[in-house]
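[1] Okay, predicted coordinates and the sequence, questions at the end:
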Amino acid sequence: MDFTVTGPVIEWRGPAPFWFLDVPVEDSEDLKEAARGLEYWGQVAVEVRIGSTTFSTALFPKDGRYLLPLRVAVRRAAGIEPGDRVTATMALAARPPG
């Protein structure tokens, strides 16, 4: 089953900056329900498509929703900047990306 979500791109500053697509709460709830038994440490492995770029990653739980990490290569290919609204199509993966 595929999930299509649209949300803002946020930047989180830690030791290094990370960019995430902030998955809306309603979509996060649907993903969490569908991923029962597939999560590990609260994370959910997914195959993602943004534009013409496909990649594997894991959703991170944060404050009742998920954050989708956006790699530099993905951001550059799609011209993504913080604050942009981005649409991603995701499919649950059976195991963590690796």
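    Good, I have the coordinates.

[2] nearest residue to the most centrally placed residue in the chain other than its sequence neighbours?
    Nearest to the mean C-alpha position of the chain, counting by CA atoms, centre = their mean, stands residue 68 at 2.0 Å. Of all residues not flanking residue 68 in the chain, residue 21 sits nearest, at 4.1 Å (CB to CB, 6 or more residues apart in numbering). Using the backbone N, CA and C atoms, a C-beta is placed for each residue, glycine as well.

[3] before we move on, the earlier item: mind listing what the helix or strand hosting the residue nearest to the centre of the chain pairs with, with the direction of each?
    Assigning secondary structure by DSSP states H and E places residue 68 in strand 65-69. Pairing partners of strand 65-69, with direction, according to DSSP bridges: strand 17-22 (antiparallel), strand 53-62 (antiparallel).

[4] and those strands, which is most packed in?
    Mean neighbours per residue, mean count of other CB atoms under 10 Å, is largest over the strands paired with strand 65-69 for strand 17-22, with a mean of 18.
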